[in-house]
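Here is a sequence together with a model predicted from it:
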Amino acid sequence: MERQDQAVTEEFCTGVADVTSTRTRLLAWLGLLVPLASFWAMCVRFLSPLPVSDDYDAVLLFLARARESHTSWLSAVLFHQHNEYKPIWANALIALQYGLAGHVNFIVLSLLGDLQVMLLGWLLWKTFAPDTTTRMCRLILFVPVALLVFQTNYAETLNWPMPGIQNLGVVTFALLSLWLLNREGALNLVGACVGFALAIAASGNGLFLFPVGFWLLWHQRRRAHLFPWTFTLLACVAVYFTHYTRYSAGAGAPHAGIHPIFFLSFLGSFAGVKLPIIRYFSIPIGICVLGGMAFAAKRGFYRRNPAMAGLLVFLLITAIGVSTTRGGFGYAGSLSGRYKIYADLMLIGLYAFGLDMVAKQPARVRLRAYRWSLVMASLLFLFGTAFGFRAMKTRLTELNRGMALYRVTGGTEGPIPTQAPGKSAESIDPTAFNVHFREALQEAATSDVYHLP
């Protein structure tokens, strides 16, 4: 059966595209390079040397207090906590960048977060259609993936260092771990465990990768590999929860618990906008995404592409976790730009399942399915990129306006001109945050870790 599936997939592009045509090759390369160039042009254009929201605590105060304390940098990296997270991966990159340069550079930190998308794109190339052996055919089929992953609807993570390093890092390392876990050899198993550890270090939801990997190994009857996989979890849990402080969100924080509207909207947030006419469009799309995942499980997609199926399960568990802890922020919170990368990857996973579904169908069916996929991915790329452009431009304008206010008033007002970026007016007091941010800037300057440009 495996050889038959391999042969069928190798012939997927037969009747869909002429892989020997120069025109086809050129269009396929353009389909990859245009979104890639657009992505990096926007990332570089809207970089800022100024901290944003969480950066004041997670970067400036982290470095200032690490310098002032008598603990080692290793201890600071491993045990520094920000809100309910221990961003160990971000701590390590921040400490490394500071150690090399002698000061904080938020542009470099943003670029380090954005560069993770390149590794994510390469991993998607390796996993979205693993049975496709013809390189040009694979490139043709990869164009919708490139359009989805290199759009900028997750702009909130692209010019804001902390969410970029965290949210882009965890999905990248999760996919790296799943890809290596489904490859033979001891080195691949070690790499999968390292990827698992890095996913946890990037964000606490990396812990959700454990049941996914455990299930895949058990299903594949690779029982001996369960020990190192479990040992990795226990070692990471021991580090993560050492000196861990239970986080209290404080008065007025959204209540915990499953929020179905938030959950469904989160799943379909790649199609969600806050415009009144299509305000709740992400909810029925989320229902479709959930149905697609259930259908993929029923059709045994995990047998033919365990890495991509495992990623879908990991993203689904993450959606449940986020809706439990953040659902109280309401529908608008589900459309936050920092979360949209999760929904984008769910859509890519379902696209991979769609390719698997039509691989044995007649050429006309495969052609129609590919064309629809390409059209939908192109539309999402255009809208997502337009959204990202507006969001990044707005953030840069607000940062510059707030810092100008801070300078003009001699540090008595700002650096937030109206409200904290990415927060709703109902959930945050900009006055209190401004006081805290000004104190963080002063402490960072006193410790000589950061000075305003």
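Yep, that arrived.

any idea how far the residue positioned nearest the centre of the chain is from residue 156?
When C-alpha atoms, centre = their mean is applied to the chain, the residue found nearest the centroid is residue 168 (3.3 Å). Relative to residue 156, residue 168 is positioned 11 Å away (C-beta to C-beta, to the nearest Å). For glycine as for every other residue, the C-beta is placed from the backbone atoms N, C-alpha and C.

Equivalent analysis for residue 396, please.
13 Å.

Residue 126 too?
Counting by C-beta to C-beta, the gap from residue 126 to residue 156 is 27 Å.

Among these two, which residue is more densely surrounded?
residue 156 (24 against 15; other C-beta atoms under 10 Å).

any idea whether the closest residue to that one other than its chain neighbours is helix, strand or coil?
The shortest distance from residue 156 to any non-neighbouring residue, by C-beta to C-beta, 6 or more residues apart in numbering, is to residue 337 (3.0 Å). Secondary structure for residue 337, judged by DSSP: H, G, I helix; E, B strand; the rest coil, is coil.

which residues does residue 337 contact?
By C-beta atoms under 8 Å, 6 or more residues apart in numbering, the contact list for residue 337 reads 153, 154, 155, 156, 157, 388, 391, 422.

try residue 105
Going by C-beta under 8 Å, 6+ apart, residue 105 touches 49, 97.

Try it again at 7 Å.
The contact partners of residue 105, taken as C-beta atoms under 7 Å, 6 or more residues apart in numbering, are residue 97.

Quick check, pLDDT for it.
If you check residue 105, the pLDDT there is 94.

With residue 436 instead?
pLDDT, residue 436: 89.

burial measure for it, as a count.
13.

Which element, helix or strand, includes it?
Element membership for residue 436 (DSSP states H and E) is helix 430-446.

other SSEs contacting that helix?
Using 3 or more C-beta pairs under 7 Å, 6 or more residues apart in numbering; DSSP states H and E as the contact test, no helix or strand touches helix 430-446.

how about a cut-off of 10 Å?
helix 62-68, helix 363-408 (3 or more C-beta pairs under 10 Å, 6 or more residues apart in numbering; DSSP states H and E).

quick one, which of the ones you listed is packed in tightest?
helix 62-68 (a mean of 19; mean count of other C-beta atoms under 10 Å).

so after that helix, what's the next helix or strand?
Next element after helix 62-68 (DSSP H and E): helix 73-79.

Show me which positions of that next one end up buried.
Residues 73, 76, 77, 78, 79 are the ones in helix 73-79 that count as buried (16 or more other C-beta atoms under 10 Å).

my guess is the third one contacts residue 95, does it?
Okay, so that is residue 77. Yes - using C-beta atoms under 10 Å, residue 77 is in contact with residue 95, at 5.5 Å.

can you list residues touching both of these two?
The overlap between the contact sets of residue 77 and residue 95 (C-beta atoms under 10 Å, 6 or more residues apart in numbering) consists of 62, 66.

Kindly indicate whether residue 245 is helix, strand or coil.
Put simply, residue 245 is coil when judged by three-state DSSP.

Residue 151: neighbour count?
That count, for residue 151 with other C-beta under 10 Å as the rule, works out to 26.

how about the nearest residue to it, chain neighbours excluded?
Closest to residue 151 by C-beta to C-beta, 6+ apart is residue 384, at 3.5 Å.

Please apply the same query to residue 77.
Going by C-beta to C-beta, 6+ apart, residue 77 has residue 91 as its nearest residue, at 4.3 Å.

what's the burial count for the one you found?
The number of residues near residue 91, taken as other C-beta under 10 Å, comes to 25.

Lowest-scoring secondary structure element of the protein by mean pLDDT?
Least confident helix or strand of the chain, by mean pLDDT, DSSP states H and E, is helix 2-10 with a mean of 44.
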